[in-house]
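A.B. asks: Pasting the sequence and the predicted model now:
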Amino acid sequence: MKKIALSKLNDFFAAIAAEEKLYLPVDGEKGTDYKLWSEGVTYSRALNTNRSAKDFFFPQTENIVDFKREGKTIEVIDTRTEAEDFVVFGVRACDARSFGILDKVFLADPVDSFYASRRAHGTIVTMACTRPAETCFCGAFGIDMTAPEGDISCWIAEDALWLSANTEKGEALLNKVASLTEEGDTAAVDAQKAAVKEIAKKLPLQNLPTDAFKGDVLLEKFNSAKWPELSKACLGCGTCTFVCPTCQCYDVFDFDTGHGVKRARCWDSCMYSDFTKMAHGNSRNSQVERFRQRFMHKLVYFPMNNGGEFGCVGCGRCLSKCPINMNIVKVMKSLGGDAE
Amino acid sequence: MTESLIPVIGVVTDIRIDTPDVKTFRVVTPDGKKAFEHKPGQCAMLSIPGVGEAMFSITSSPTNTEFMEFSIKKCGCLTTWLHAMEVGQQVTIRGPYGNPFPVDTTFKGKDLLFIAGGIGLAPLRSVINYVRHYRDQYGKVDIVYGSRSKDDLVDYKEIIDEWMTTEGINVHLTIDREQEGWDGHVGFVPNYVKELGFDVNKTAIICGPPIMIKFTLAGLQELGFNKTQVFTTMELRMKCGVGKCGRCNIGNKYVCKDGPVFRCDQLDELPNEY
Ligand SMILES: Cc1cc2nc3c(=O)[nH]c(=O)nc-3n(C[C@H](O)[C@H](O)[C@H](O)COP(=O)(O)OP(=O)(O)OC[C@H]3O[C@@H](n4cnc5c(N)ncnc54)[C@H](O)[C@@H]3O)c2cc1C
Ligand code: SF4
Ligand code: SF4
Ligand code: FES
């Protein structure tokens, strides 16, 4: 394991930023969010960012292809460029796991080249949690907040930043900053891990049971009588889908720039009524059905297709951001049989 | 790296007016070839940049080596634009998408019963012409096809001139209401199927509006058909065609990649959201 004194953190960031773009959590007026690092920018140790880190690989909108139309002819202009190398620092364990979930969608055949390019060029440096919140339930999905995944895992303990590379990309980055780091034993990190695990044990949602969603439960859960009550107050605002690190639905649209047509994609939401609107009707006519879709997808459909892995990482964003205070935890408790 | 969301150019080389709101378009690449190979039941995304992009069944048979055809019903922004175009117009095309009908496995050697309503004939035409091409590899073929009126029957000339004259193929046409100049059957497709009373050792393939599929399937079950003998295609909103945008998700399936062709018993395992 490598270590850097926290007093040298700025030099560490500067060394990375000299080679490639570096993004990290920064406090702002509206809370904490990822920002591009430059001299003077302070890394925030806040528990998590408002927006998830999926933006780096699957941005809210992006251009797909350009066209020119003239008379009866059309020209297709492939505007793709290889992504630049970049580093995201400070990703929490929950969000780090979300990349694996997005990979299962975007890297499945046929590979989404936009996402793949950013994944290939992005290096993820994660940060272990020391002060998890009551709304965190990563543990329910087998995520260890004290040992986040990513290309490099980091811990802040005893006035030092401890780093451990997990992949070749991570090794390469550590090599670049080798002159700033020194070798350290794992004692400080081990002690921290043990202490945080004790804290986690006492959090109310870390052991949220997920068993009720395993096995052949699709129709049983889908037909549950609890959906109308659960979704009653849902505004269909889509906030929960936009803040979610694993939500990946998108819309494709064209716009005329006056010099040609740009085709782009942007995040979409299954919570919106026109998501499934068709000429002969809408397959999800009510908010009950749309609400059910979001949670069924995370808890049943996605796991069915992905060896039991849930489509939620327990980041808690949808718990804190929903205007009516509805969320996946309430859904899990209610459908899992132990409603409060 | 190739990118499935980036289409290629197609040129419309022929436009046939089928009905007041359906036209069939012939599409090739600018150098006169097929844009790609497909199997019966698969679809493609057609688009006019700036207007829209949508999924359409490839109605021509894969055995057609020269071009692809699409029968398109005018119902919105893109389809209206497509209906207004002239021969020589370029479009964009990408595909093929979806799983095909099991023409080379389950259907082999079987008596086949095709049941279509309106524009629902489009995906079945590909299968029917494939089966006609390899005629000796399939058993008897029955085709029940209905529309609102005689003028709304898609592919009418081909049905009369080619299908009805193929040995071992029986075509049963019907229209919803009496019409001058029509001496064929009058009545809805599901009822007509029951009246015709097919024997149950056939494999049935249904395509049409959801309500027609529902009643036809019920009718077939009354006749003694098992759901495992009945295939259908599903239509849900689509954007990407490759199982990523989430639009066509139903249960653990993505209709664009796990469908649009399903065996009816498989649908029972899915939420009733179609
Ligand atoms: C697998 C599949 C195969 C299809 N095959 C054919 C075919 O062979 N021939 C054919 O004419 N049509 C086919 N369709 C339907 C076709 O995709 C829609 O009619 C088309 O998207 C409408 O586009 P538009 O821009 O003209 O309509 P819009 O202006 O976008 O909308 C007009 C109306 O059509 C609805 N609509 C949008 N998308 C769909 C959709 N996917 N299905 C149904 N309604 C929709 C809208 O909600 C609205 O009510 C198929 C659809 C699917 C999913
Ligand atoms: S569903 Fe909610 S808790 Fe789960 S990953 Fe998405 S935003 Fe986080
Ligand atoms: S669950 Fe909450 S955040 Fe999600 S759409 Fe409904 S009201 Fe909005
Ligand atoms: S159309 Fe995008 S997932 Fe099926």
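C.D. replies: Cool, the structure landed. Ligands and ions are numbered 1, 2, ... in the order given.
A.B. asks: Which pLDDT value does the model give the closest residue in space to residue B:222 that isn't next to it in sequence?
C.D. replies: Excluding the flanking residues, the one nearest residue B:222 by C-beta to C-beta, 6 or more residues apart in numbering or on different chains is residue B:194, at 6.5 Å. For every residue, glycine as well, the C-beta is placed using N, CA and C. For residue B:194, the pLDDT comes out at 91.
A.B. asks: Can you get me a residue count around residue B:194?
C.D. replies: Using other C-beta atoms under 10 Å in any protein chain shown, residue B:194 is surrounded by 17 other residues.
A.B. asks: On the three-state scheme, the closest residue to residue B:6 other than its chain neighbours is what?
C.D. replies: Closest residue to residue B:6 apart from its sequence neighbours, by C-beta to C-beta, 6+ apart: residue A:65 at 4.8 Å. Classification of residue A:65 using DSSP: H, G, I helix; E, B strand; the rest coil returns strand.
A.B. asks: wait, doesn't residue A:65 sit right on residue A:75?
C.D. replies: No. The criterion here is C-beta atoms under 8 Å, and residue A:65 misses it with residue A:75 at 10.6 Å.
A.B. asks: Distance check, the residue nearest to residue B:222 against residue B:144.
C.D. replies: When distance is defined by C-beta to C-beta, to the nearest Å, residue B:194 is 11 Å away from residue B:144.
A.B. asks: quick one: the residue nearest to residue B:222 and ligand 1, what's the gap?
C.D. replies: Separation of residue B:194 from ligand 1 (C-beta to the nearest ligand atom, to the nearest Å): 27 Å.
A.B. asks: Show me the helices in the stretch 51-200 of chain B, by range?
C.D. replies: B:77-84, B:121-133, B:156-158, B:189-196 (DSSP state H, counting those that start in this stretch).
A.B. asks: CA atoms of the longest strand seen in chain B as CSV?
C.D. replies: Assignment by DSSP state E gives strand B:8-19 as the longest strand of chain B. This file holds the C-alpha atoms of strand B:8-19, laid out as CSV (Å, rounded to 0.1, in the frame of the first residue of the first chain):
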residue,chain,number,x,y,z
VAL,B,8,-26.1,4.1,-43.1
ILE,B,9,-27.8,5.6,-46.2
GLY,B,10,-30.6,4.0,-48.0
VAL,B,11,-32.3,5.1,-51.3
VAL,B,12,-35.9,4.6,-52.0
THR,B,13,-36.2,3.1,-55.4
ASP,B,14,-39.9,2.2,-55.6
ILE,B,15,-43.0,3.3,-53.8
ARG,B,16,-46.2,1.3,-54.0
ILE,B,17,-49.5,2.7,-52.7
ASP,B,18,-51.2,-0.2,-50.8
THR,B,19,-54.1,1.4,-49.1
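A.B. asks: who's in contact with it?
C.D. replies: A:74-76, B:23-30, B:35, B:46, B:67, B:71, B:85-94, B:147, B:151-156 (C-beta atoms under 8 Å, 6 or more residues apart in numbering or on different chains).
A.B. asks: so what strands line up beside that strand?
C.D. replies: Looking at strand B:8-19 with DSSP bridges, its partner strands are strand B:22-28 (antiparallel), strand B:90-97 (antiparallel).
A.B. asks: Quick one, which of these gets closest to ligand 4.
C.D. replies: For the strands paired with strand B:8-19, the distance to ligand 4 is smallest for strand B:90-97, at 8.1 Å, taking C-beta to the nearest ligand atom.
A.B. asks: What average pLDDT does the closest one get?
C.D. replies: For strand B:90-97, mean pLDDT is 97.
A.B. asks: C-alpha coordinates for it, PDB please?
C.D. replies: Taking Å, rounded to 0.1, in the frame of the first residue of the first chain, the C-alpha atoms of strand B:90-97 are listed here in PDB:
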ATOM      1  CA  GLN B  90     -32.500   9.000 -49.300                       C
ATOM      2  CA  VAL B  91     -33.300   7.800 -45.800                       C
ATOM      3  CA  THR B  92     -31.100   6.400 -43.100                       C
ATOM      4  CA  ILE B  93     -31.300   2.800 -42.100                       C
ATOM      5  CA  ARG B  94     -29.800   0.600 -39.300                       C
ATOM      6  CA  GLY B  95     -30.500  -3.000 -38.300                       C
ATOM      7  CA  PRO B  96     -31.400  -5.700 -38.400                       C
ATOM      8  CA  TYR B  97     -33.000  -5.800 -34.900                       C
END
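A.B. asks: Around the residue nearest to residue B:6, count how many other residues there are.
C.D. replies: Based on other C-beta under 10 Å, the number of other residues close to residue A:65 is 20.
A.B. asks: again, but for the one 10 residues further on
C.D. replies: Using other C-beta under 10 Å, residue A:75 has 13 other residues around it.
A.B. asks: which secondary structure element contains it?
C.D. replies: Taking DSSP states H and E as the criterion, residue A:75 maps to strand A:73-77.
A.B. asks: Just want the angle from that strand to strand B:8-19.
C.D. replies: Orientation check (axes from the mean of the first three to the mean of the last three C-alpha atoms, to 10 degrees): strand A:73-77 against strand B:8-19 gives 140 degrees.
A.B. asks: pull the CA atoms of the following helix or strand past strand A:73-77 into PDB?
C.D. replies: Per DSSP H and E, the first helix or strand lying C-terminal to strand A:73-77 is strand A:86-91. C-alpha atoms of strand A:86-91 as PDB (Å, rounded to 0.1, in the frame of the first residue of the first chain):
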ATOM      1  CA  PHE A  86      -9.300  11.600 -17.300                       C
ATOM      2  CA  VAL A  87      -9.300  10.700 -13.600                       C
ATOM      3  CA  VAL A  88     -12.300  10.800 -11.200                       C
ATOM      4  CA  PHE A  89     -11.200  11.000  -7.700                       C
ATOM      5  CA  GLY A  90     -13.200  10.400  -4.500                       C
ATOM      6  CA  VAL A  91     -15.900   8.100  -5.900                       C
END
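A.B. asks: Determine the set of other helices and strands touching strand A:86-91.
C.D. replies: Strand A:86-91 sits against helix A:9-17, strand A:21-28, strand A:122-127, with contacts defined as 3 or more C-beta pairs under 8 Å, 6 or more residues apart in numbering or on different chains; DSSP states H and E.
A.B. asks: mind running it again at 10 Å?
C.D. replies: Counting contacts by 3 or more C-beta pairs under 10 Å, 6 or more residues apart in numbering or on different chains; DSSP states H and E, strand A:86-91 packs against helix A:9-17, strand A:21-28, strand A:31-36, helix A:93-106, helix A:113-121, strand A:122-127, strand A:152-157, helix A:168-176.
A.B. asks: who does it pair up with?
C.D. replies: Using DSSP bridges, the strands paired with strand A:86-91 are strand A:21-28 (parallel), strand A:122-127 (parallel).
A.B. asks: Say whether ligand 2 is contacted by that strand.
C.D. replies: No. Counting by C-beta under 6 Å from any ligand atom, no contacts exist between strand A:86-91 and ligand 2, the nearest distance being 13.6 Å.
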